[in-house]
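have a look at this fold, sequence not included:
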C-alpha cells in the first residue's frame, strides 16, 4: 500500500483534512437548520397573530355595512 512512511503520513494528512472539512460542513448545516427552524417558528407566530387580529376585526353576522356608517 504505502512504500514509505512519508507516503503514509501524506495520506494521513489528506484524510485528516477531508475529515475536518466534513466536520465543518456538518457544523454549517446544523447552524443553517437551526436558523431555518427559528425562522419557521417566527413565521408561524406572525401568521397566528395575523389570524387572531382578523378574528377580532370581523363584524357580527347581523350587522350590515350600512349600519356601520352611522
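Here it is on my side, so go on. Worth saying up front: this structure is predicted, and the values here are computed from it rather than measured.

alpha carbons only for contacts and neighbour counts from here, please
OK.

low-confidence ranges, this structure, go.
In the predicted model of the chain, residues 59-70 satisfy pLDDT under 70.

in it, which spans are helices?
Using DSSP state H, the helices of the chain run over 5-57, 65-68.

could the ones you listed be laid out in a markdown table, adding mean neighbour count?
Compiled in a markdown table, the helices of the chain are given as follows (neighbours: other Cα atoms under 10 Å):
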| stretch | mean neighbour count |
| --- | --- |
| helix 5-57 | 12 |
| helix 65-68 | 8 |
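
who's in contact with residue 41?
Listed by Cα atoms under 8 Å, 6 or more residues apart in numbering, the contact set of residue 41 is empty.

10 Å instead?
35, 47 (Cα atoms under 10 Å, 6 or more residues apart in numbering).

if I look at it, how far off is residue 34?
11 Å (Cα to Cα, to the nearest Å).

and what of residue 47?
20 Å.

next one: residue 18
Taking Cα to Cα, one finds residue 18 at 24 Å from residue 34.
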